[in-house]
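[1] after the sequence you'll find the predicted model.
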Amino acid sequence: MNKELFSFLSILIALVVGAFYYTSSVQTPFISALNSIKSSYFNSIEYIENGINKYTYQAKHIEILEEKLKEFEKNHLIMQQMAAELNNLFQENHSTLKADSRVELVRTISYKEFGNLNKIWLEVNDYNASKIYGLTYKEFVAGIVVSNNGKPLGLLNQDMKSSYAVYVGSGLAPGIAHGNNAKHLVVKFIPASFEIKVGDEVITSGLDNIFFEGLKVGKVLSLTKSQGYQNAIVEQYYLANDPNYFHMIKKVR
């Protein structure tokens, strides 16, 4: 009985294997089903791998941002400490000076005029229309903020009415920087007694109460002399075409 059952099962298995191997009508649905299962399996594996990679990237990115935030917070605390110590020093020496600057992140709303990229409307909290403010982008001077019908209007460096006090070169030669509706800036009224050369760096002087001293403006490209003064053509550092945000210096000291 066992031999007969074994023989029967052997013949049955042989017939099934032969049918799968030689008969396409049997192979096709079987292979199709198998391929469908494999495809679902590979899709699931790929989805899981992508999810893991995405999570790993996001986690790493968040970790990097958290480290940067910690560094910024540390630097901010150090600056606060330095400001406090500087104010204490002023008080001990009975000085009326104090380190109490204010910088605010402001958002660009739109250009003032179509085709003019040098005038932009800004969104500013607690805006005082009676003052002129300094405008920076990252670490560079971008222009100034003036009132236009009581609303904050940003005049970027290239605008002819964008004007502020600067120092030129290592000798800190004083001058007035302004735009000329062209690519480069102009620094005028540099005393002829100062030695200026091409490549000298231009920074804010802070003497106009608009910017802090030492903010970067650009580098001297060429020089001319006229009536006891020197004029410098300056290649500006600020090059952003359409920034969404600036920092506005609301109070220098």
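    Great, that's in hand. Numbers count the residues shown, from 1 in each chain.
[2] could you chop this protein up by domain?
    1-97, 101-253 (automatic domain parsing).
[3] worst mean pLDDT among the ones you listed?
    Ranked by mean pLDDT, those bottom out at domain 1-97, with a mean of 62.
[4] C-terminal to the strand or helix carrying residue 66, what's the next element?
    Element membership for residue 66 (DSSP states H and E) is helix 24-92. Later in the chain than helix 24-92, the nearest helix or strand by DSSP H and E is strand 102-113.
[5] what pairs with that following strand, parallel or antiparallel?
    Using DSSP bridges, strand 102-113 pairs in its sheet with strand 116-123 (antiparallel), strand 245-251 (antiparallel).
[6] export it as CSV, just CAs?
    This file holds the C-alpha atoms of strand 102-113, laid out as CSV (Å, rounded to 0.1, in the frame of the first residue of the first chain):
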residue,chain,number,x,y,z
ARG,A,102,19.1,96.7,18.1
VAL,A,103,18.9,94.7,14.9
GLU,A,104,15.6,93.4,13.4
LEU,A,105,14.9,90.8,10.7
VAL,A,106,12.7,92.5,8.1
ARG,A,107,10.8,91.0,5.1
THR,A,108,10.7,92.3,1.5
ILE,A,109,7.2,92.9,0.3
SER,A,110,7.7,94.1,-3.3
TYR,A,111,9.6,96.4,-5.6
LYS,A,112,8.4,100.0,-5.4
GLU,A,113,8.5,100.5,-9.2
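[7] list the buried ones in that strand?
    Buried residues in strand 102-113, counted by 16 or more other CB atoms under 10 Å: residue 106. Every C-beta, even on glycine, is put in place using the N, C-alpha and C of the backbone.
[8] can you name the residues in contact with that strand?
    Under the contact criterion CB atoms under 8 Å, 6 or more residues apart in numbering, strand 102-113 has outside partners 117, 119-125, 148, 152-154, 242-251.
[9] same check, this time on stretch 229-240
    With contacts defined as CB under 8 Å, 6+ apart, stretch 229-240 is touched by 137, 140-143, 156-158, 168, 173, 175, 177, 184-192, 194, 196, 200, 202, 216-225.
[10] now, of these, which are buried?
    For these, buried by 16+ other CB under 10 Å: 137, 140-143, 156-158, 168, 173, 175, 177, 184-187, 190, 194, 196, 200, 202, 216-220, 223.
[11] return the subset of these lying in strands.
    Among the buried ones among the contacts of stretch 229-240, the members found in strands (DSSP state E) are 137, 140-143, 156, 168, 173, 175, 177, 185-187, 190, 202, 216-220, 223.
[12] surely residue 187 meets residue 167?
    No - using CB atoms under 8 Å, residue 187 is not in contact with residue 167, being 9.6 Å away.
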